[in-house]
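Undergrad: got a predicted structure plus its sequence, pasted below:
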Amino acid sequence: MATGNLQFRIATADDARRLQQLVQCAFRAEDSRPDWTGDAGLAAHFRLDVEEVAATIASPDIVTLMAVDDSDALVASIEVSRRGGADCGRLSMIAVDERCQRGGVGRQVLAYAEDYCRRTWGARGLSLNALSTRKALIEWYLRRGYRKTGETTPFPRERFASLELPDDLCFVELEKAFGGVPDDAHQLA
């Protein structure tokens, strides 16, 4: 799977199954490297229904961006939404095909999503969260200009009731402020 020349587009209802497979595989990827971003116990139990993906695609408040390679193979995706009015965007569900992870694809997808939010909505900043146990992922976001807000969001333990989870498991909230809104805001679609 070549990833040198990614093309981005907004997902449609026809993309729901491909997106579900990508996200589920990316979140369940097994990687034994100690510094990797996954959590094997949780990853093995991660489930995402096609109906959930289709509902997200149909939502007027969320845009799912897809990154495809030259052969139209789905390489990555990310969800973007407005938060706090027009000046803050929210990023979620970033997923990169496990064969392309650690190759710079995540960086490209994140940069595109940030630019999309700035140009489409005039966002002056973005927020996202990461699982508290994913230290390497949080560090990756910090290197991309995000900062911890000091706030956390509860982890949905009821979805993983059969697992023994750390007592302090939560989502760490991060944010990034932009210096200004581009002159051509609202032009990218």
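TA: Great, that's in hand.
Undergrad: contacts and neighbour counts: CA atoms only from here.
TA: OK.
Undergrad: elements contacting the longest helix seen in the chain?
TA: Identified as the longest helix of the chain according to DSSP state H is helix 105-121. Counting contacts by 3 or more CA pairs under 8 Å, 6 or more residues apart in numbering; DSSP states H and E, helix 105-121 is packed against strand 74-83, strand 88-96.
Undergrad: so which of these is nearest Asp49?
TA: strand 88-96 (13.7 Å; CA to CA).
Undergrad: for that closest one, buried residues please.
TA: Cys88, Gly89, Arg90, Leu91, Ser92, Ile94, Ala95, Val96 (16 or more other CA atoms under 10 Å).
Undergrad: before we move on, what about stretch 164-178?
TA: Leu169, Cys170, Phe171, Val172, Glu173, Leu174, Glu175, Lys176.
Undergrad: how about CSV for the buried residues of strand 88-96, with distance to Pro156 added?
TA: Formatted as CSV, the buried residues of strand 88-96 follow (distance: CA to CA, whole Å):
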residue, distance to Pro156
Cys88, 24
Gly89, 23
Arg90, 19
Leu91, 18
Ser92, 15
Ile94, 18
Ala95, 20
Val96, 23
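Undergrad: got a list of what Ala54 touches?
TA: Ala54 makes contacts with Ala13, Ala16, as judged by CA atoms under 8 Å, 6 or more residues apart in numbering.
Undergrad: make that Asn129, sorry
TA: Ser92, Phe171, Val172, Glu173, Leu174.
Undergrad: now with 6 Å, please.
TA: Phe171, Val172, Glu173, Leu174 (CA atoms under 6 Å, 6 or more residues apart in numbering).
Undergrad: nearest residue to it in space, please, no chain neighbours.
TA: Glu173 (4.5 Å; CA to CA, 6 or more residues apart in numbering).
Undergrad: for the record, mean pLDDT for stretch 127-147?
TA: Mean pLDDT, computed over stretch 127-147, is 93.
Undergrad: that should have said stretch 114-122, apologies.
TA: Stretch 114-122 comes out at a mean pLDDT of 93.
Undergrad: could you export it as CSV, CA atoms only?
TA: Taking Å, rounded to 0.1, in the frame of the first residue of the first chain, the C-alpha atoms of stretch 114-122 are listed here in CSV:
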residue,chain,number,x,y,z
GLU,A,114,-6.4,20.9,11.3
ASP,A,115,-6.3,22.8,8.0
TYR,A,116,-9.9,21.6,7.1
CYS,A,117,-11.2,23.0,10.4
ARG,A,118,-9.4,26.3,10.0
ARG,A,119,-10.4,26.8,6.4
THR,A,120,-14.0,25.5,6.5
TRP,A,121,-15.1,26.8,9.9
GLY,A,122,-12.5,29.4,10.6
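Undergrad: would you list every one of the helices in the chain?
TA: Under DSSP H, the chain gives helices at 16-28, 40-43, 50-58, 105-121, 135-143.
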